[in-house]
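Novice: fold the following, please.
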Amino acid sequence: MEIDGFLTTPRLVFRTWRSDDIELAVGLWGDPDVARMIHAGGPPSREDIAARLAREITTQVEHGIQYWPIFLRETGEHVGCCGLRPYRPAERIHEIGVHLRPAFWRRGLAVEAAQAAIAYAFERLDARALFAGHNPANTASRSMLAKLGFRYTHDELYPPTGLMHPSYLLERPSTS
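Specialist: Okay, here's the model as predicted:
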């Protein structure tokens, strides 16, 4: 299945969210295993997910970035999302995030997707650095960030979980 995307990796294709992607969004952010890492109190309601989808679309329109939906190139299956959002725009620091459907965990797809988003941020957006955080219980995310070269900087409150999330920074590689 051919997905019309703007960014590809050997196994993935990225495109932007559309308003008719509600079922994809519900399948991802409404999954209990995904939701337990990014929301306190279980999966969000369909209305909350629709509002999240609308915010992603608005972020793309206003800033040219979002947590883009990602698909397997070979089959077109929706894998999850990976992308960027403004974190400290005046300093050219974006937040990077990856949310995968559980069926695609432990295949190296999160690292592959994040590497593409990192390259996009530094090469196309001239980002100075990338910020990332993760649920303290999410050891897979901690491992992924270490593989990608992020360094721990502090713990930061993440209001949707009510927890202090370990937080990291990846600075733009020097070109000298």
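
Novice: for the longest helix that the chain contains, what is the average pLDDT?
Specialist: In the chain, with assignment by DSSP state H, the single longest helix is helix 46-63. Averaged over helix 46-63, pLDDT sits at 97.

Novice: do stretch 124-134 as well
Specialist: Per-residue pLDDT over stretch 124-134 has a mean of 97.

Novice: that one spans what distance, first to last residue?
Specialist: Using CA to CA, to the nearest Å, the span of stretch 124-134 from its first residue to its last is 25 Å.

Novice: buried residues, that stretch. List them.
Specialist: Within stretch 124-134, the residues scored as buried using 16 or more other CB atoms under 10 Å are Ala127, Ala129, Leu130, Phe131, Ala132, Gly133, His134. Bear in mind the C-beta positions are built from the backbone N, C-alpha and C, glycine included.

Novice: centre of the chain to it, how far?
Specialist: Taking CA atoms, centre = their mean, to the nearest Å, one finds the center of stretch 124-134 at 12 Å from the center of the full chain.

Novice: next: stretch 146-162.
Specialist: 13 Å.

Novice: can you pull the contacts of Asn138?
Specialist: Applying CB atoms under 8 Å, 6 or more residues apart in numbering, we find Asn138 in contact with Met37.

Novice: specify which member of the buried residues of stretch 124-134 is nearest to Pro32.
Specialist: Of all the buried residues of stretch 124-134, Pro32 sits closest to His134, with 17.9 Å by CB to CB.
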